[in-house]
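Novice: Sharing a sequence plus its predicted fold:
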Protein chains: 4
Amino acid sequence: MAKTTLKKIGVMTSGGDSPGMNTAIRAVARACAYYQIKCVGIKMGYEGLIHNQMSELGARSVKHIINRGGTFLQTARSEEFRTKEGRAKAFENLKKNELDALIIIGGDGSFTGGNVFFKEFGIPFIGVPGTIDNDIFGTDFTIGYDTALNTVIEAIDRIRDSATSHNRVFFVEVMGRDAGFIALNSGIASGAQDILIPEKKDSLDDLFGSLQHSQQSNKNSSIIVVAEGEELGNVYDLAKATEMRFPDYDVRVTVLGHIQRGGNPSCMDRVLASRLGVAAVEGLLDGKSDVMAGIRSNKIVFTPIAEAIKKHNEIDKELIKVAKILAI
Amino acid sequence: MAKTTLKKIGVMTSGGDSPGMNTAIRAVARACAYYQIKCVGIKMGYEGLIHNQMSELGARSVKHIINRGGTFLQTARSEEFRTKEGRAKAFENLKKNELDALIIIGGDGSFTGGNVFFKEFGIPFIGVPGTIDNDIFGTDFTIGYDTALNTVIEAIDRIRDSATSHNRVFFVEVMGRDAGFIALNSGIASGAQDILIPEKKDSLDDLFGSLQHSQQSNKNSSIIVVAEGEELGNVYDLAKATEMRFPDYDVRVTVLGHIQRGGNPSCMDRVLASRLGVAAVEGLLDGKSDVMAGIRSNKIVFTPIAEAIKKHNEIDKELIKVAKILAI
Amino acid sequence: MAKTTLKKIGVMTSGGDSPGMNTAIRAVARACAYYQIKCVGIKMGYEGLIHNQMSELGARSVKHIINRGGTFLQTARSEEFRTKEGRAKAFENLKKNELDALIIIGGDGSFTGGNVFFKEFGIPFIGVPGTIDNDIFGTDFTIGYDTALNTVIEAIDRIRDSATSHNRVFFVEVMGRDAGFIALNSGIASGAQDILIPEKKDSLDDLFGSLQHSQQSNKNSSIIVVAEGEELGNVYDLAKATEMRFPDYDVRVTVLGHIQRGGNPSCMDRVLASRLGVAAVEGLLDGKSDVMAGIRSNKIVFTPIAEAIKKHNEIDKELIKVAKILAI
Amino acid sequence: MAKTTLKKIGVMTSGGDSPGMNTAIRAVARACAYYQIKCVGIKMGYEGLIHNQMSELGARSVKHIINRGGTFLQTARSEEFRTKEGRAKAFENLKKNELDALIIIGGDGSFTGGNVFFKEFGIPFIGVPGTIDNDIFGTDFTIGYDTALNTVIEAIDRIRDSATSHNRVFFVEVMGRDAGFIALNSGIASGAQDILIPEKKDSLDDLFGSLQHSQQSNKNSSIIVVAEGEELGNVYDLAKATEMRFPDYDVRVTVLGHIQRGGNPSCMDRVLASRLGVAAVEGLLDGKSDVMAGIRSNKIVFTPIAEAIKKHNEIDKELIKVAKILAI
């Protein structure tokens, strides 16, 4: 425990934005106020560190942001921080502003940056998993994932209203980068006829079989949810192949896109972000560093950053089976 | 007034679906029950008339649909109804089922069909304007338009969360066919930097000027709302041109697509659909035919179908000016 | 036209808050910037005028508020402004800050204050109707009304989910002060069995008859929407009377309360607030004063404040009939 | 494993309704179809068993309910089932309909009934936890809890819009019976100034201290979230005490009420209900009985009903601390 040595913490959001990042920033700022250390908000991720864009965050300066999507500190991917010179500039600003430690809210790319920085300059930091993709090891949920799921199913509910009115087949692409968590869960939740994710071996034959089964079962519509990282093909290719195979089907495509990154965070995301933000501050105060604060089985856990970056959460086989059973 | 002669009315939804169609069907069925005439639901628009897919709708058979998007009667565009043979079949089924009149919920394509049918066979009908595009003369609002507007601005609010976190320029395509009502109103309501609609002469120079102004004003993001019928180019072309002109901008594209057609209807759409559904039944009972029931200055009005098809609602110049002023 | 004489305008929100007030403030500030006059935001309504709580509003200081419920200028009812001394203080501050005119966003109480102030000190002002109650003459819609309607029907949709699962009778109280606009429109839109509003003569006999009809029609639930100004009794009294009359009914009460005043404004409210905010600035520039900017038949109109305060919008008899027909 | 002996399963919802019950029924019916056993829906919980209100549920008879709040099988509390005679009648109907086992979706009261029934007649059954209160041992989450949390925070977000516009103190009562899970989590997620729950020793002094701190910190509003089971007093009493202590505060009360039980289920609730519905069918097929299907650390687990009824989930002390830290 090294409480006395920490006087000022910097917090930033980095990489892709996700709903709940604001809530996490608020939690960091308030926890700092509670433990009577100073908090500084760094704009635009590592870019702001390099270009010295910071300002102090008191308890009141984070009011009314708990329920706002996005990140008021803004975020960026920084090319410059990948260079030694960039990181040296960042370190200089850090010293100039007397920052003793960093809290980095972002995904594994952002954590990698923090990891390198820590190794080079020994700046203590703790990562907080903020991404809609839920693809980070060391936490059951990432901040923004639950909100994105709800955004996706509301969108698919709307699409189904229209699809059902017309007996249509809809291919819906959802986000998730290389991971199928959003696709699998939103697919189950929206009653998808089939769900295509990179973690599962898919084939056109299986897809066509599922569509034929749907038709024979007199379903009014078929929604196929496709992860953006799916290897069988993107939604346009899949739709084209389907139209060729079943010329009488009325096939449509929707790419949900960036609506999935925004919106007011869900209750679960706000609670998660609040807990992880507080935990990150307390972790630093306890002398932890180069770790990520996460939640597992509803308990706060700290995972070494190297492990968080390297390992991956596995898709639950049970969920794949459930999806199959319910599409009968 | 010819109340005694009408005993049985058929109701259908035709063309593109829109939120509130179910509410309108419910209003027709309930008004029929109230005035003690029979109501028959025809499936899949004119297709169902041709293929005799109908079933009686009592007051209770439309329960719990007032707030459901889409149309439980489903809808279709019928090629066969465009042929004389198709319409003859439809007429036969109409006689067989003893339908005295029709209520057709849809857009101008659907009304044109009803108009031809009326001229050939003298079947009384009243049109009810159901489309998200708001492009029908004789009514200030079409059923589904208000819901679509709210869906669009919620989506753009989400996109802005993300855009602002990254200093991005977003081109967002919204529906509306040849009309810019959705784009203009949702653009104003979501604080768009620029709005491109077919009713207004747009140019790349104006667009680029607007984007430059945005940059110089230190705005965190710029949303450009583009009607699908915009003549300057589609969102992909516009994005590409923008990237070429401003290579350092981070430009993104979202096509909102079919989420705009679904969702629980808004209060305004439910009230509108309820009023027009009742008015259509009362209009038929009063001996009206070949007209559309609409709402103007908050009063029910009936417009000859020929006029409703031919004329167009004008975009309000005041709104274009308001959009420009607010983008300062 | 007196464009040259106006250099600085004050804007305030006064009375009860409503969704879209922020949007209207934004429109005022941006329109001022567009027409190159200064804009000052006055906090807490007339209170802020009396206690000199003001700050300049540039085009950028109103960013990101277009979609936020409430009013960032805050609002209050001012006892002090009702006194001559209070108004004299307000006038002094007005002069000190060199304000040439006022834009007052609020309801008829707020307009009355402006009217008296104008008569006493000749300060030009224009009122903008902001209230969820829709009870202001001179405009078809007030800012916040449409949003409140959507909030109410979403709440009643939820209540119905539960009511239907249990065969329950629900009395739901909605806002609207002395006016039944919210109750009547939300009642129609949520499929209410009965709607009790002050503008209509209601009786327990009619209510009980409606409930019995519902029971006999095998409806799964009955929602009774009651305006807060209803004269027959409040929801608790009505529920008690119903329980006494029908001891076997499962009767529940919900008072929706202040959730109706908040929330992101709907598209319609944002467009309305944008138009009226711009119109108020242009009206002042054109030399108008002591008037309210409103919208009628979708056109901007200015109504003398005295008329706006004195007259009342009538409930549409057609809507009452539609409600009755649909409850069959 | 006793797959061959099970031919027909009955499913019911019992006790209070919660969002996601329909999703769970769907999952049971589809899993039965998948494993080629028959599924029968029992209306109104144990009442329907006693009065023989059942009908077969095929895979298609549960279409389009995955996203509907409430329960289409309806639910009730049955006095008659608490009597030996009532249960005997229920058993008779069960035999008459050749039901081999039951799946009971509900809370601990419903499980107690199933437990007694199993002991008396040996009818295999599995419980599925459906309640918004999250107060059932053996599962990390109950079906409907996550949806209720989101409903609550959306409502409080709206209330805050209004509270902040007026500098108000709001006491908001949320559901949860004897448990504070909804209050604690929604309180954290909505930035409550204080959260009063039965699991924590509260005092007026602490509450007043918190309110004074809020005032001194220049917060624009204070939301106090109160669990319905709070022992210090109900929201009306607390508001009155607060007004007496701080006569100049503008204190308001909202009881959120039954809106918390309805609404489209969230993604998490739909996935949970889907998994538990499938697990219950598979559990019965595996010969399990007198157990509840739940989810712990994201894995399906079966807990003896006696244990599920008797034990209680504990409130997490860490969450209480987080709430306190963030209210600084």
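Specialist: That came through fine.
Novice: From now on I want contacts and neighbour counts done on CA atoms only, so please keep to that.
Specialist: Noted.
Novice: Mind listing what's buried along whichever strand or helix holds A:Gly10?
Specialist: Using DSSP states H and E, A:Gly10 maps to strand A:8-13. Judged by neighbour count using 16 or more other Cα atoms under 10 Å in any protein chain shown, the buried positions of strand A:8-13 are A:8-13.
Novice: Tell me, how many residues neighbour the closest residue to A:Thr112 other than its chain neighbours?
Specialist: Distances taken as Cα to Cα, 6 or more residues apart in numbering or on different chains place A:Ile309 nearest to A:Thr112, at 7.0 Å, with adjacent residues excluded. A:Ile309 has 21 neighbouring residues, counting by other Cα atoms under 10 Å in any protein chain shown.
Novice: where does the stretch 101-250 of chain A have low pLDDT?
Specialist: Judged by pLDDT under 70, the stretch 101-250 of chain A has no weakly predicted residues.
Novice: for it, what spans make up the helices?
Specialist: For the stretch 101-250 of chain A, applying DSSP state H, counting those that start in this stretch gives helices covering A:108-121, A:145-166, A:181-189, A:204-216, A:235-245.
Novice: D:Ala101 is nearest to which of the ones you listed?
Specialist: The closest of the helices of the stretch 101-250 of chain A to D:Ala101 is helix A:181-189. By Cα to Cα, the value is 26.1 Å.
Novice: does any bit of that closest one sit next to chain D?
Specialist: Yes - Helix A:181-189 lies within reach of chain D by Cα under 8 Å from any Cα of the partner chain, at A:185-186, A:188-189.
Novice: Go through the residues you listed and name the one nearest chain B.
Specialist: Checking these against chain B by Cα to the nearest Cα gives A:Ser186 as the nearest, at 15.4 Å.
Novice: hmm, back to that, minimum distance to D:Ala280: which of the helices of the stretch 101-250 of chain A has it?
Specialist: Closest approach to D:Ala280 among those (Cα to Cα): helix A:181-189, 17.1 Å.
Novice: Can you name every helix or strand that the strand holding A:Gly10 contacts?
Specialist: In terms of contacts (3 or more Cα pairs under 8 Å, 6 or more residues apart in numbering or on different chains; DSSP states H and E), strand A:8-13 is packed against helix A:21-34, strand A:38-42, strand A:101-106.
Novice: In its sheet, which strands sit next to the second one, and in what direction?
Specialist: Pointing back at strand A:38-42 there. Strand pairing for strand A:38-42, determined by DSSP bridges: strand A:8-13 (parallel), strand A:54-56 (antiparallel).
Novice: and the helix or strand that that strand is followed by, does that touch chain B?
Specialist: Counting by DSSP H and E, the next helix or strand C-terminal to strand A:38-42 is helix A:46-50. No - on the criterion Cα under 8 Å from any Cα, helix A:46-50 is out of touch with chain B, staying 11.9 Å away.
Novice: How about stretch A:188-199?
Specialist: No - Stretch A:188-199 stays clear of chain B (Cα under 8 Å from any Cα), getting no nearer than 13.6 Å.
Novice: quick one: A:Ala239 and A:Val253 touch, right?
Specialist: Yes - assessed by Cα atoms under 8 Å, A:Ala239 is found in contact with A:Val253 at 7.0 Å.
Novice: on that earlier part again, buried deepest among the helices and strands packed on strand A:8-13, which one?
Specialist: helix A:21-34 (a mean of 29; mean count of other Cα atoms under 10 Å in any protein chain shown).
Novice: Can you name every helix or strand that that one contacts?
Specialist: Using 3+ Cα pairs under 8 Å, 6+ apart: helix A:21-34 touches strand A:8-13, strand A:38-42, helix A:267-285, helix D:317-326.
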